[in-house]
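J.: Just need the structure, nothing else, for what follows:
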Amino acid sequence: MKLYKINVNGKTYEVEVESVTEKESKPQQKKDENVNETTTNVLAPMQGKITKLNIKVGSEVKKGDVLMVLEAMKLENDILCPVNGYVRQLLIKENQKVELNQLMLVIG
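T.: Reported below is the predicted structural model:
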């Protein structure tokens, strides 16, 4: 896997890219049954401004935790964690404006 930064319409995103040849050349490993390798994307439910971040990359989070506060139309909205896990990627920062369905963070 390689990590790249891309710019789309003036916004910067970090993406991981895996080449098909890298995947094929890796030997098959047995998966540990206790390790959950799924990820959950947290998207902005509306456009607004992130006024408070309660997490950082590597933070352990539990379902129902308040991850951040998003201000929209002068109302503060708590963004709750949908699953238990750890913050793998954080794609936003405090005082940043977000658009509807913008990827804000990845939990794994």
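
J.: where along the chain do the helices fall?
T.: Under the criterion DSSP state H, the chain contains helices at 20-25.

J.: residue ranges of the strands in it, please?
T.: Listed in chain order, the strands of the chain (DSSP state E) span 2-8, 11-17, 40-43, 48-53, 60-61, 66-72, 75-80, 85-90, 97-98, 103-107.

J.: got the contact list for the closest residue to D78 other than its chain neighbours?
T.: Leaving aside its chain neighbours, D78 sits nearest to V66 (4.6 Å; criterion: CB to CB, 6 or more residues apart in numbering). From N, CA and C alone the C-beta is placed, and that goes for glycine too. For V66, the contact set (CB atoms under 8 Å, 6 or more residues apart in numbering) comprises N54, D78, I79, L80, C81.

J.: buried subset of the residues you listed?
T.: Using 16 or more other CB atoms under 10 Å as the burial test, the contacts of V66 include I79, C81 as buried.

J.: could I get the contacts of V66 as TSV with distance to N101?
T.: Shown next, in TSV, are those (distance: CB to CB, whole Å):
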residue	distance to N101
N54	21
D78	18
I79	13
L80	17
C81	18
